[in-house]
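1. Sequence first, then the predicted structure, then my questions.
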Amino acid sequence: MKKLFLLLPLFCMASQLLFAQQKNIKKPDGGSISTKFIDQTVKKLMDTAGVTGLCIGIINNNQPAYIKAYGYKNKVLNELNDTSTCFYAASLTKVVFAYIVVQLAQEGVIDLDKPLYTYLPKPIPEYDNYKELAGDDRWKLITARECLDHSTGFPNWRSNDQKMAIYFTPGSHYSYSGEGLMLLQMVVEEITHRKLEDMAQERVFKTFHMTRTSFIWQPRFENDYANGHGIEEDTIKKDRYKEAYGAGSMETTIGDYSRFVSALLNKKGLNEKYWNEMFSPQIAINATTQMFSLNVADTTSANKVIELSYGLGIGLFKTPYGRAFFKEGNGLGWMHYMIIVPQQKTALIMMSNSTNATGIFTELTQKLTGITIPYKWESYVPYRGTVKLTPGQLQKFAGVWEGPEYTATIKVVDGKLKVEAPKAGLPPTNFYTQNDHHLFLRIMEADFEFVKGADGKFDKAIADDEGQHYELKRIK
């Protein structure tokens, strides 16, 4: 028995390597790509876009076929990601929560179309978190279905700028809302008399052998977890959730979440009726963007072409290879994307601990699946391409540059360009090379075209700084 336990870690490592070493991976269009192509594509895009870390999971024939980790879990400490590294899942959590709710509906514990207030011992506005709803009786209309398809009328999250309120009649319009999921969680826990974490462990994590997944931070995660990274690849402090939030507190790994997606594709735990409930269009999406869509007048007909809609906890759109299901996960330093094509028994999961990752999701999905995602609606801005310059070429930009409102100093530090402008509130920041005379910043929309003088050296820069245009002249 002791030898068996000693061999288990080696077996797990061998399994992970097996996934990563399969020669060919099937695409939804029936074609295939090599694992070498996947590796080269991922690494090139990460390097070009400054993506610190990324994990990839690919499902073929409804089973995990390729699981691999890239980049750093903590760049400052030079620690690399692996397939057992715990990632903050952000809104990928919502799919797991939705799955649990649909299971409860299948068992008759909750009715998806029964107003939620009828399950509670007192009116919703009498709960501390919902006092602001007093005076608007539309809270009586909200159902589990509307929480899961994001049509409650709630904002995504209440804030000083956007108070907790019902902004349109529930069920009439799509508007992404974490608040809706939080209300539903309160009701589910009231009905079942159980905490969400306990239900998730029983129904999902233990059932699908997701041993490094939880809605609450676990001490065992301390041995291998990732930090988020910002635009400049700076390390962001790790959050450790002490309470379960169905809208986004889960920690997981690429291996664990791939097993969950495989279970969804294999319809584990759901009969045909309720699987179809979860993965069928519940509400058409007419909003121009995924977020900030509380204004019902802010609509577009462009989404009709791909039949963009929401199911229960997951988005849907039409592809040439059948309907695709998708879900994003966004947090400070965390960006994830999942797309599933059930008709082709395939899926792609991308989990990143880098703010810059959304810049490559569109191209990476296109190259690995042949599918174009609704990136404009998701507000995904493609990455800016960079080129590598020699130390000598970089040094030509170094110096002190004076503008109408500030003076900027450019230096070469550890083989990279850095710019700082204290008067403008800019600390030492990476300056990126688009070509041998054009630099830009990633932390803001700022481009600088450097112009050579008669002596062949750069003597001025023409700035396009968040819409403002001006010149800087070299003074040193």
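-> That came through fine.

2. And the strand of greatest length in the chain, how far out from the chain middle?
-> In the chain, ranked by residue count with DSSP state E as the criterion, the top strand is strand 63-74. From the chain centre to the centre of strand 63-74 is a distance of 15 Å (C-alpha atoms, centre = their mean, to the nearest Å).

3. what pLDDT, on average, does it get?
-> If you average the pLDDT over strand 63-74, you get 97.

4. Would you list the strands that that strand pairs with, along with their directions?
-> strand 53-60 (antiparallel), strand 79-80 (antiparallel) (DSSP bridges).

5. Please work out which of these is packed deepest.
-> Of all the strands paired with strand 63-74, strand 53-60 carries the top mean neighbour count, a mean of 26, counting by mean count of other C-beta atoms under 10 Å. All C-beta spots, glycine's among them, are computed from the backbone N, C-alpha and C.

6. which residues touch the strand or helix carrying Glu363?
-> Taking DSSP states H and E as the criterion, Glu363 maps to helix 358-369. If you take C-beta atoms under 8 Å, 6 or more residues apart in numbering as the criterion, helix 358-369 is touched by 25, 27-28, 33, 38, 41-42, 45-46, 48-49, 51, 58, 330, 335, 337, 339, 341, 346, 348, 350, 371-373, 375, 378, 380-384.

7. Which of these fall within helices?
-> Among the contacts of helix 358-369, DSSP state H puts 38, 41-42, 45-46, 48-49 in helices.

8. Just give me the neighbour total for Leu311.
-> To be clear, residue 311 is Gly; Leu isn't right here. Per other C-beta atoms under 10 Å, the neighbour tally for Gly311 reads 21.

9. I misspoke; the intended subject was Ser32.
-> By other C-beta under 10 Å, 12 other residues sit near Ser32.

10. which residues does it bridge with?
-> Under the criterion DSSP bridges, Ser32 forms beta bridges with Lys26.

11. That one against Lys26, yeah?
-> Yes - counting by C-beta atoms under 8 Å, Ser32 touches Lys26, with 5.4 Å between them.

12. residue contacts, Tyr257?
-> Residues near Tyr257 by C-beta under 8 Å, 6+ apart: 57, 89, 92, 210, 213, 338, 349, 351.

13. hang on, it in a helix?
-> Yes - under DSSP: H, G, I helix; E, B strand; the rest coil, Tyr257 falls within a helix.

14. worst-scoring helix or strand of the chain, pLDDT-wise?
-> Ranked by mean pLDDT, DSSP states H and E, the helix or strand of the chain with the weakest confidence is helix 2-21, at a mean of 41.

15. now the helix holding Glu363 and strand 63-74, what's the angle there?
-> Going by axes from the mean of the first three to the mean of the last three C-alpha atoms, to 10 degrees, helix 358-369 is angled at 150 degrees with respect to strand 63-74.

16. Would you mind listing the buried residues in helix 358-369?
-> In terms of neighbour count (16 or more other C-beta atoms under 10 Å), helix 358-369 has its buried residues at 358-365, 367-369.

17. likewise stretch 106-123?
-> For stretch 106-123, the neighbour count (16+ other C-beta under 10 Å) marks 106, 110, 112, 115-117, 119-120 as buried.

18. Pull the residues that contact stretch 118-128.
-> With contacts defined as C-beta under 8 Å, 6+ apart, stretch 118-128 is touched by 110, 116-117, 130-134, 139, 142, 183, 186-187, 190-191.

19. rerun at 10 Å
-> The contact list for stretch 118-128 (C-beta atoms under 10 Å, 6 or more residues apart in numbering) reads 109-111, 115-117, 130-137, 139-140, 142-144, 183, 186-188, 190-191.

20. List buried residues within these.
-> Neighbour counting by 16+ other C-beta under 10 Å classes 110, 115-117, 130, 133, 139, 142-144, 183, 186-188 among the contacts of stretch 118-128 as buried.

21. Which members of those residues occur in strands, if any?
-> Among those, no member lies in strands (by DSSP E).

22. Just the ones in helices from the residues you listed, please.
-> Judged by DSSP H, helices contain the following of the buried ones among the contacts of stretch 118-128: 144, 183, 186-188.

23. I'd like the buried residues of stretch 106-123 as JSON lines, with pLDDT appended.
-> Below are the buried residues of stretch 106-123 laid out as JSON lines (pLDDT from 0 to 100):
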{"residue": "Gln106", "pLDDT": "98"}
{"residue": "Ile110", "pLDDT": "98"}
{"residue": "Leu112", "pLDDT": "98"}
{"residue": "Pro115", "pLDDT": "98"}
{"residue": "Leu116", "pLDDT": "98"}
{"residue": "Tyr117", "pLDDT": "98"}
{"residue": "Tyr119", "pLDDT": "98"}
{"residue": "Leu120", "pLDDT": "98"}
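
24. average pLDDT for stretch 25-41?
-> Averaged across stretch 25-41, the pLDDT comes to 94.

25. which of the residues in that stretch are buried?
-> Neighbour counts over stretch 25-41 (16+ other C-beta under 10 Å) mark 25-28, 33, 35, 38, 41 as buried.

26. Over to stretch 150-164?
-> 150-156, 158.

27. contacting residues around the nearest residue to Phe279 once chain neighbours are set aside?
-> Closest residue to Phe279 apart from its sequence neighbours, by C-beta to C-beta, 6 or more residues apart in numbering: Gly311 at 5.2 Å. Applying C-beta under 10 Å, 6+ apart, we find Gly311 in contact with 98, 102, 148-149, 276-283, 323, 325.

28. at 7 Å instead, please
-> Contact analysis of Gly311 by C-beta atoms under 7 Å, 6 or more residues apart in numbering lists 149, 278-282, 325.

29. Selecting buried members of those in ChimeraX, what would you type?
-> A single ChimeraX command selects the buried members of the contacts of Gly311 (16+ other C-beta under 10 Å):
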select :149,278,279,281,282,325
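
30. from the contacts of Gly311, which single one is nearest Asn227?
-> Relative to Asn227, the closest of these is Phe325; by C-beta to C-beta it sits at 29.4 Å.

31. That closest one reaches Phe317, doesn't it?
-> No - using C-beta atoms under 7 Å, Phe325 makes no contact with Phe317, being 8.7 Å away.

32. re earlier: run through who's touching the longest strand of the chain.
-> Strand 63-74 has contacts (C-beta under 7 Å, 6+ apart) with 16, 19-20, 22, 25, 35, 38, 42-43, 46, 51-59, 79-83, 85, 226-227, 235, 254-255, 258-259, 262, 353.

33. Can I get it as PDB, trimmed to CA atoms?
-> Below are the C-alpha coordinates for strand 63-74, written out as PDB (Å, rounded to 0.1, in the frame of the first residue of the first chain):
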ATOM      1  CA  GLN A  63     -12.500  13.600 -22.700                       C
ATOM      2  CA  PRO A  64      -9.500  15.700 -21.700                       C
ATOM      3  CA  ALA A  65      -6.900  15.300 -24.500                       C
ATOM      4  CA  TYR A  66      -4.400  18.100 -23.900                       C
ATOM      5  CA  ILE A  67      -3.600  19.800 -20.500                       C
ATOM      6  CA  LYS A  68      -0.600  22.000 -20.200                       C
ATOM      7  CA  ALA A  69       0.700  25.000 -18.200                       C
ATOM      8  CA  TYR A  70       2.800  27.900 -19.500                       C
ATOM      9  CA  GLY A  71       4.600  30.800 -18.000                       C
ATOM     10  CA  TYR A  72       4.800  31.900 -14.400                       C
ATOM     11  CA  LYS A  73       2.600  31.500 -11.400                       C
ATOM     12  CA  ASN A  74       4.800  34.200  -9.700                       C
END
